[in-house]
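Chemist: What would the 3D arrangement of this be:
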Amino acid sequence: MKPAVIAIDGGNSKTEVLVVSHEGVVLGKSRGPGASPQNVGVAACVAALEDLVLEAFPDHGEKPFAVHTSAYLAGLDFPREEEALHAALAARGWSDTLTVGNDTLALLRAGSAGIGVAVVCGAGINGAGVGPDGRVHRFPALGKISGDWGGGYRLGEEALWWAVRAEDGRGPRTSLREAVAGFFGRETLFDVVQGLHFEEIPAASIHGLCPLLFEVAAAGDEVAADIVTRFVEEVSVFAAVILRKLDLTEEAPEIVLGGGVLTGIGTPVIAEIERRCLKVAPRAVVRVVDVNPVVGAALFGLDTLDAPASAKAALKAATQRA
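Modeler: You can find the predicted model right below:
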């Protein structure tokens with residue numbers, strides 16, 4: 001019997017593939033760099049996904065070699081983007097049927113039954129929700145032009161910005177000054193800025209300042225703590241707007257938090273996000289996801305195929321983080 005589901009979760013920084021049986025057994029998996037169609041284009045995205053699918057399931061046989069493909073990727077913020085990727089993936093013929101959607105929905109399914117709210121913060125930040133009546137509320141995630149603030153890269157930029165201003169006198173004193181310079185192995189922030197300007201320091205490394213920001217804030221630095229407070233408010237606002245739009249404030253919705261930033265920060269920050277969410281929906285259950293979002297994509301696939309609850313439970317048990 002051919003596999004039930006090819007599951008794909010494609011973020012801005014990484015892509016994961018699972019091949020899953022009708023019983024919820026993982027038959028193969030692979031992982032590669034980000035392949036968002038917004039970043040690399042549809043053709044390059046699909047080519048990268050096919051390489052990962054074939055790596056995960058090398059003994060695939062003739063196409064179609066699975067029943068269903070469940071693909072959830074960052075960069076699918078508008079219907080035309082979903083339609084373009086759906087057409088390109090369908091042309092590859094991996095499976096009999098195909099579903100394409102935004103990766104935030106896969107996060108929601110990874111941490112819930114698929115009803116509730118998800119907020120993801122990795123390289124970027126986004127939120128989505130699904131109500132009991134099937135209504136969906138989402139946001140584009142395109143940076144400043146779509147009103148976003150708070151992704152990992154942006155938080156790193158904030159840490160750098162305040163560190164530079166502390167050194168040159170335009171801003172208040174902050175421990176970020178020494179911490180950021182040390183992170184880049186430079187004596188001064190002037191050296192860091194010069195290195196970034198002349199591309200001697202990769203710009204992508206700014207993302208790595210994000211964990212440092214939370215560490216400095218936890219140690220009591222006021223400037224860093226103010227940035228973290230703004231971040232907490234941003235995550236909470238995403239959740240609050242979705243809860244209200246989907247009429248979930250009087251219900252007991254699940255609020256799922258995920259992405260590299262939200263899964264890596266300390267318990268006090270999560271607790272503050274939870275406190276703010278409960279002010280909007282007092283019966284809500286807030287949790288940090290304990291499986292990777294690709295599991296959510298696989299669960300969506302099993303849902304589509306009316307797989308038994310035992311198969312979904314088996315998949316969750318086998319993929320749960322230690």
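
Chemist: Determine how far the last residue of stretch 182-196 lies from the first.
Modeler: 15 Å (C-alpha to C-alpha, to the nearest Å).

Chemist: Let me see the residues that make contact with that stretch.
Modeler: 160, 163-164, 166-168, 177, 180-181, 200-201, 203, 205-206, 208-209, 212 (C-beta atoms under 8 Å, 6 or more residues apart in numbering). Backbone N, C-alpha and C define where each C-beta goes, glycine included.

Chemist: hmm, try it at 6 Å
Modeler: Contacting residues not belonging to stretch 182-196 are listed as 163, 164, 167, 181, 201, 212 [C-beta atoms under 6 Å, 6 or more residues apart in numbering].

Chemist: does the last one sit in a helix or strand, and which one?
Modeler: Residue 212 is part of helix 209-218 when elements are defined by DSSP states H and E.

Chemist: What of the second one?
Modeler: Taking DSSP H and E as the criterion, the element that holds residue 164 is helix 152-168.

Chemist: got the buried residues for the helix or strand just after that helix?
Modeler: Downstream of helix 152-168, the next assigned helix or strand under DSSP H and E is helix 176-183. By 16 or more other C-beta atoms under 10 Å, the buried positions in helix 176-183 come out as 176, 177, 179, 180, 181, 183.

Chemist: same question, stretch 77-85
Modeler: Across stretch 77-85, burial judged by 16+ other C-beta under 10 Å covers 77, 81, 82, 84, 85.

Chemist: Same check on stretch 195-210?
Modeler: Buried residues in stretch 195-210 (16+ other C-beta under 10 Å): 195, 196, 201, 206, 207, 209, 210.

Chemist: Please apply the same query to stretch 109-126.
Modeler: For stretch 109-126, by 16+ other C-beta under 10 Å, it's 109-112, 114-126.

Chemist: Out of these, list just those in helices.
Modeler: Of the buried residues of stretch 109-126, the ones assigned to helices by DSSP state H are 109, 110, 111.

Chemist: nearest spatial neighbour of the second one, skipping sequence neighbours?
Modeler: Counting by C-beta to C-beta, 6 or more residues apart in numbering, the nearest residue to residue 110 once its immediate chain neighbours are dropped is residue 296, at 3.2 Å.

Chemist: That neighbour and residue 109: what is the separation?
Modeler: To residue 109, residue 296 is 4 Å away according to C-beta to C-beta, to the nearest Å.

Chemist: With residue 32 instead?
Modeler: Residue 32 sits 22 Å away from residue 109 when distances are taken as C-beta to C-beta.

Chemist: still on that earlier bit, helix 152-168 and the helix holding residue 212, what's the angle between them?
Modeler: 60 degrees (axes from the mean of the first three to the mean of the last three C-alpha atoms, to 10 degrees).

Chemist: Output helix 209-218 as CSV, restricted to C-alpha atoms.
Modeler: What follows is helix 209-218 as a C-alpha-only set of coordinates in CSV (Å, rounded to 0.1, in the frame of the first residue of the first chain):
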residue,chain,number,x,y,z
LEU,A,209,21.0,38.4,18.4
CYS,A,210,17.4,37.4,19.3
PRO,A,211,18.3,34.9,22.0
LEU,A,212,20.9,37.3,23.4
LEU,A,213,18.2,40.0,23.7
PHE,A,214,16.0,37.8,25.9
GLU,A,215,19.0,36.8,28.0
VAL,A,216,20.0,40.4,28.6
ALA,A,217,16.4,41.3,29.4
ALA,A,218,16.1,38.4,31.9
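
Chemist: Which of the buried residues of stretch 77-85 sits closest to residue 52?
Modeler: residue 85 (14.9 Å; C-beta to C-beta).

Chemist: Wait, that closest one touches residue 100, no?
Modeler: Yes: contact criterion C-beta atoms under 6 Å: residue 85 and residue 100 qualify, at 5.4 Å.

Chemist: before we move on, back to that, switch the buried residues of helix 176-183 over to JSON lines; also include distance to residue 56.
Modeler: Below are these laid out as JSON lines (distance: C-beta to C-beta, whole Å):
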{"residue": "176", "distance to residue 56": "41"}
{"residue": "177", "distance to residue 56": "45"}
{"residue": "179", "distance to residue 56": "39"}
{"residue": "180", "distance to residue 56": "39"}
{"residue": "181", "distance to residue 56": "42"}
{"residue": "183", "distance to residue 56": "35"}
